[in-house]
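Participant: following is a predicted model, sequence given first.
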Amino acid sequence: MDKTTITVGQTKTIGMCSVGAICRAGSECFVPCDIRFWTDRQGNPLGQPISIVREHLKIWLKHKGFQDVELLKPPTLTQVNNKRLGNRIPAVRFPSWMVCQRCGRLHYLPWLGKKIDSVEALTCDATSSGKSCNGKLEFVTWVLVSGEGYLDDLPWADMAHYDEKANRHCSAKDHLILSRDPQGRLTLRCKACGSPPYNLSGLRNKDFFVNRIQTMRSQPWLLERKPIESDPPVAMPLTDARIHFSDIASALDIPPESRINERDIRAKIRQHDDYPVVKDLGARDTRQIKRLLKKMARQFHLTGDEVKKALTDLKAGWPHYGTPTGAVTSENEMLAAEYKAICTEYKDIQEHERFITDHQTAQWKDYLESTDMTEKNATIGSAIERLIIINRLREIQVFCGFTRQVGTQGALIGPALGEETTWLPACELYGEGIFFSLDEKKLKAWEADPLCIERSTILEKRLKTSGFVKRQVTVSARFILLHTLAHQIIRELEFTSGYPISSIKEKIFCSDAMNGILIYVAVPNKMGSLGGLSEHGQPDSFFKLWIKAMAKAEHCTYDPICAEHEGQGPDQLNRAACHGCSLLPEVSCIYNNCLLDRQFIMGAGGHHMTGFIPFIQNI
């Protein structure tokens, strides 16, 4: 493991910088190790437990193969008075090879044995005519990826001798030169044996390594090499999104769990650093346990009996929610429960609750009837059936594994690389949001149009042969419409809410029985966000937001090319949607910026499909 420390946001440790992901930070490049390495010297997992977890989420995790697991926040490392307090997530530098930017020489693990704070200080030690190169070293930009989830370095030393005229017996690693020929093609040669340069222009081809590689490292932090049992691995650029897809189970905190007070002493003890040691009170009533119990009693201003009573309640399963109504075996069922909670008006709301809504539907309808506006705008406004402000919400995100997508292959790799685990990394996020849904009757009438069905079926067929969208989704005209609307609203909120677009997220509620969009922000700080988003849920503000977003959806900088495109984006999973009109930062879209099409909103006129907005205008 490398001792250099890089800083990333807590939420990224279960997403873009989670186990197995390639993380860039300045000149550094790291891959976090699996959670078997996230332990202290005694082998106990690092991180604080999340005390209150939605029962639906626990059941869903069981269906995903995680039986009775504990959810722990990722370990954190802080610096106080020039001292580092806490723990860090172990990681290794990867790729293992760096290339000189001056002479093209490849260097294998050039940081070994050198006391450096960063690879930025590394230079090339090659000599020519008695002069040292001293060129700057940077990580190579290609890695080897397998659909089985393996990640390794390219076999640079072997590749330099792939040419038929090359010396196949040469095993030199210190004299490899990566450069471009006069035609600009990437070539690799070995100066040690004088083999001719090997043309790497076919490196991207999926059959480049056929019959050339039989084994590879399963992960960069493991030395063991494993046989390749499926299709041959492929070379991918470091920045290719297919190298790592996080499998994240996300759940909003909804009643009854959201109504439990986090200040309850049992919740506080549950999050205490010593809780893992004292939780089995009856089994180990040792001198150490008694000392820790006294410590807890002093910290929380309790008696020893009160601490023991709290521990007994925790052992018995506090908080007791009872059995949730209905089975929760999929993401769609989780969303259905959240949709029901959002649409329900709860009474007697207490200050400590973590799910607080303000229903604005009646005010919205009154606003549309009482305000002097054009008939066109009034009709566009009538597309909205429900409008709800969520003043406070809490979201739990759980890291359940990752995949590496090679073609249609992408095996799910668990956080402990397939081994059984008693815990999972998870984050608590606090924030606010706006929920709105479309008029169900108008939506059903519109989506019954054969042209809508035909156009959505095209993307549905493409999704079946693609592995780029990992979320559970049923592609339909309804879903594509809702997803594209969410992107249009988020892009407009960037200019009016005060939040950067990368901090605004979406949840799409879509089935035959429901339709809805939740636009929200959520941060690790318990204080939550600043209210800039929920303010836009007031009828007058939301009306302006909605009208502007629909007006901008009609046009794109790249029209008519974008509007008439038959397929764009990864695996052609978008139609009329590009960076100029619809796409968001990767962290904002849980569907990887796929399944978008502006024509489902505005249509294209003529004999083409009618968009939802023109449809309701012509009713």
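Facilitator: Nice, thanks for sending it over. These figures come from a predicted structure and were not determined experimentally.
Participant: so, low pLDDT: which residues of the chain?
Facilitator: Across the chain, the ranges flagged by pLDDT under 70 are 1-4, 79-82, 84-86, 280-285, 319-327, 407-409, 526-531, 605-607.
Participant: so where's the longest strand in it?
Facilitator: In the chain, with assignment by DSSP state E, the single longest strand is strand 384-403.
Participant: check which helices and strands it sits against.
Facilitator: Secondary-structure packing of strand 384-403 (3 or more Cβ pairs under 8 Å, 6 or more residues apart in numbering; DSSP states H and E): helix 55-63, strand 245-252, helix 331-343, strand 356-359, helix 361-370, strand 423-438, strand 514-523, helix 539-553. For the C-beta atoms, the positions are set from N, CA and C on the backbone; glycine is no exception.
Participant: tabulate those (TSV), appending mean neighbour count.
Facilitator: Shown next, in TSV, are those (neighbours: other Cβ atoms under 10 Å):
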stretch	mean neighbour count
helix 55-63	18
strand 245-252	22
helix 331-343	19
strand 356-359	18
helix 361-370	14
strand 423-438	24
strand 514-523	22
helix 539-553	18
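Participant: pull the contacting residues for residue 483.
Facilitator: By Cβ atoms under 8 Å, 6 or more residues apart in numbering, the residues touching residue 483 are 506, 508, 591, 595, 596.
Participant: and what of residue 374?
Facilitator: Applying Cβ under 8 Å, 6+ apart to residue 374 gives no contacts.
Participant: tell me the spacing between it and residue 380.
Facilitator: According to Cβ to Cβ, to the nearest Å, residue 374 stands 9 Å off from residue 380.
Participant: just residue 210 next, same as before
Facilitator: Residue 210 sits 55 Å away from residue 380, taking Cβ to Cβ as the criterion.
Participant: next: residue 34.
Facilitator: Taking Cβ to Cβ as the measure, residue 34 falls 50 Å from residue 380.
Participant: which of these two has more neighbours?
Facilitator: residue 34 (23 against 19; other Cβ atoms under 10 Å).
Participant: so the more buried one sits against residue 89, correct?
Facilitator: No - proximity of residue 34 to residue 89 does not meet the contact threshold set by Cβ atoms under 8 Å, at 10.5 Å.
Participant: quick one on the thing from earlier: out of the contacts of residue 483, which is nearest to residue 184?
Facilitator: Distance to residue 184 across the contacts of residue 483 (Cβ to Cβ) is lowest for residue 596, with 34.8 Å.
Participant: correct me, but residue 401 touches residue 412?
Facilitator: Yes - the criterion here is Cβ under 8 Å, and residue 401 meets it with residue 412 at 5.1 Å.
Participant: more neighbours, the two?
Facilitator: For residue 401 and residue 412, the more surrounded residue by other Cβ under 10 Å is residue 401, and the numbers stand at 25 against 15.
Participant: who are the contact partners of that one?
Facilitator: 19, 246, 247, 412, 413, 414, 415.
Participant: ok, now which ones touch the fourth one?
Facilitator: Right, the one you point to is residue 412. Taking Cβ under 8 Å, 6+ apart as the criterion, residue 412 is in contact with 149, 247, 401, 402, 403.
Participant: swap in 7 Å and give it another go.
Facilitator: Taking Cβ atoms under 7 Å, 6 or more residues apart in numbering, we find residue 412 in contact with 247, 401, 403.
Participant: what does the second one give?
Facilitator: By Cβ under 7 Å, 6+ apart, residue 246 lies in contact with 14, 15, 18, 399, 402.
Participant: tabulate those residues (a markdown table), appending neighbour count.
Facilitator: As requested, those are exported to a markdown table (neighbours: other Cβ under 10 Å):
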| residue | neighbour count |
| --- | --- |
| 14 | 23 |
| 15 | 19 |
| 18 | 25 |
| 399 | 23 |
| 402 | 24 |
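Participant: between the residues you listed, which is closest to residue 169?
Facilitator: Using Cβ to Cβ, residue 402 is the member of those that lies nearest residue 169, at 38.6 Å.
Participant: isn't that closest one right next to residue 244, touching?
Facilitator: Yes - checked against Cβ atoms under 7 Å, the pair residue 402 and residue 244 is within contact range at 5.6 Å.
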